[in-house]
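> can you look at this prediction? I've put the sequence above it.
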Amino acid sequence: MNQKRIRLRALEPEDLDELYQIENDRHLWDVGLTNVPYSRFALHEYIANSANDIYADKQLRLIIETEGKTVAGIVDLCNYDPRHNRAEVGIVIKSSFRNQGMAHVALEDLHRYAGEVLGIYQLYAVVSDSNEHSLHLFKSLGYQHTATLKQWLCSGDDYQDALLLQKKIKK
């Protein structure tokens with residue numbers, strides 16, 4: 001596995017085209033919560049109005065960038081719950097960067113940041129039971145399957161089960 005060095009960084013206005021591509025990739029709609037295209041204007045407003053502060057926005061979106069300053073993907077903390085000190089994690093790696101270990105490295109970096117800087121106690125992911133790549137990724141990072149959400153995700157006319165995966169990141 002070629003684990004290229006990456007860094008996580010804040011979303012910048014210059015990322016609009018990359019964000020537009022990722023958010024409007026119909027192949028990703030089955031793994032996310034949306035099934036409608038986003039306009040450039042809507043994404044521009046999102047970037048401009050986001051405080052990029054998990055405490056204010058209840059979410060944090062970070063760009064996964066290669067050593068060559070190329071956007072390889074996005075990692076998110078969302079549904080942040082300050083009372084219970086947990087957040088949901090999501091990750092998208094662009095197809096040209098998949099199977100290179102970047103998602104693993106990005107999530108390791110996110111875990112350190114979320115635990116050491118943000119003080120988050122626990123992260124969780126909701127993953128389709130048929131998404132073998134994501135299930136393998138999260139389990140390889142120590143996430144535990146704690147629940148099955150029956151017929152949780154709609155894909156066309158079909159409903160799929162989703163697995164709730166949890167990981168304690170702060171000691």
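Received it, and whenever you're ready, just let me know what you need.
> just give the nearest non-adjacent residue to residue 37, would you?
Leaving out its chain neighbours, the residue that sits closest to residue 37 by C-beta to C-beta, 6 or more residues apart in numbering is residue 24, at 4.8 Å. Bear in mind the C-beta positions are built from the backbone N, C-alpha and C, glycine included.
> can you show me the CA trace of the helix or strand that contains residue 138 as PDB?
Using DSSP states H and E, residue 138 maps to helix 132-140. Extracted in PDB, the C-alpha atoms of helix 132-140 (Å, rounded to 0.1, in the frame of the first residue of the first chain):
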ATOM      1  CA  GLU A 132     -17.000  -3.300   1.900                       C
ATOM      2  CA  HIS A 133     -14.200  -0.800   1.300                       C
ATOM      3  CA  SER A 134     -15.600   1.700   3.900                       C
ATOM      4  CA  LEU A 135     -16.300  -1.100   6.400                       C
ATOM      5  CA  HIS A 136     -12.800  -2.400   6.000                       C
ATOM      6  CA  LEU A 137     -11.300   1.100   6.400                       C
ATOM      7  CA  PHE A 138     -13.200   1.900   9.600                       C
ATOM      8  CA  LYS A 139     -12.700  -1.500  11.200                       C
ATOM      9  CA  SER A 140      -9.000  -1.300  10.400                       C
END
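> next, the buried residues of it.
By 16 or more other C-beta atoms under 10 Å, the buried positions in helix 132-140 come out as 134, 135, 137, 138.
> so which residues of the protein form helices?
16-23, 40-49, 54-57, 102-112, 132-140 (DSSP state H).
> partner residues bridging the residue nearest in space to the middle of the chain?
In the chain, the centroid-proximal residue (C-alpha atoms, centre = their mean) is residue 90; its distance is 2.2 Å. Beta-bridge pairing for residue 90 (DSSP bridges): residue 76.
> buried residues in the helix or strand bottoming out on mean pLDDT in the chain?
Every helix and strand of the chain was ranked by mean pLDDT, DSSP states H and E. The lowest is helix 40-49, at a mean of 82. Buried residues in helix 40-49, counted by 16+ other C-beta under 10 Å: 43, 47.
> counting contacts, what elements does that helix pack onto?
Judged by 3 or more C-beta pairs under 8 Å, 6 or more residues apart in numbering; DSSP states H and E, helix 40-49 is in contact with helix 16-23.
> contacts for the helix it packs on, please.
For helix 16-23, contacts defined as C-beta atoms under 8 Å, 6 or more residues apart in numbering pick out 11, 28, 34, 37-38, 40, 43-44, 46-47, 63, 71, 73-74, 92, 94.
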